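Undergrad: take this sequence and fold it.
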Amino acid sequence: MSQHQETHDGAQTVTLPPNLRAWIDGQRSWHRQGVRVQAETRWIADGTPASVAVFLVGADGQKGRELQRGDAQIVGGRLLGPDGRRGFEHPLDWELGEAELGGLGLRAEVEIAAYAVDAASQTLHLDLQPFTISG
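TA: Got it, this is the predicted structure:
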């Protein structure tokens with residue numbers, strides 16, 4: 001329900017805030033397999049530049065080392081990577097440092113500076129536990 005105090009003869013300007021959400025394809029992934037960071041926007045112009053950063057997530061759930069950073073753009077309300085495909089490719093081909101063993105996985109952040117919006121993806125859970133021999 002809405003109430004209007006003025007007549008409806010004049011034009012009213014409505015500004016819709018830009019919206020951005022990001023996610024990583026898949027629930028799990030294997031080492032050396034690539035994953036794609038996806039993003040969807042509303043009220044953001046085509047061709048707008050975006051930046052994507054992929055981070056490790058530590059055992060405490062906090063953001064850790066940055067693994068990859070790159071540029072993309074928004075086309076048709078979706079993130080378009082430098083390879084011309086939807087999403088931003090991140091290969092899982094990095095080595096863990098000693099302090100990073102036991103982490104939870106990956107998280108991506110997408111930022112569109114021209115609209116002052118950013119979004120973080122869900123955590124992609126990876127098996128970053130140290131190798132042990134049972135038995």
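Undergrad: low-confidence ranges, the chain, go.
TA: For the chain, the stretches with pLDDT under 70 are 1-9, 27-31, 130-132, 134-135.
Undergrad: hey, which strand is longest across it?
TA: strand 63-75 (DSSP state E).
Undergrad: same for that one, what does it pack against?
TA: Identification of packing neighbours for strand 63-75 by 3 or more CB pairs under 8 Å, 6 or more residues apart in numbering; DSSP states H and E yields strand 49-57, strand 78-80, strand 88-91, strand 103-112. For glycine as for every other residue, the C-beta is placed from the backbone atoms N, C-alpha and C.
Undergrad: pull out the buried residues from that strand.
TA: 64, 67-68, 72, 74 (16 or more other CB atoms under 10 Å).
Undergrad: ok, stretch 97-116 next?
TA: Judged by neighbour count using 16+ other CB under 10 Å, the buried positions of stretch 97-116 are 100, 103-112, 115.
Undergrad: out of the buried residues of strand 63-75, who's nearest R86?
TA: In terms of CB to CB, no member of these lies closer to R86 than A72, at 9.8 Å.
Undergrad: who's that closest one bridged to?
TA: Under the criterion DSSP bridges, A72 forms beta bridges with A50.
Undergrad: returning to that earlier point: which one of the buried residues of stretch 97-116 is nearest T41?
TA: I112 (7.4 Å).
Undergrad: what sits against the closest one?
TA: 18, 20, 41, 44, 48-50, 74, 118 (CB atoms under 8 Å, 6 or more residues apart in numbering).
Undergrad: that one and P82: what is the separation?
TA: Distance of I112 to P82, given as CB to CB, to the nearest Å: 16 Å.
Undergrad: with that, I have no additional questions.
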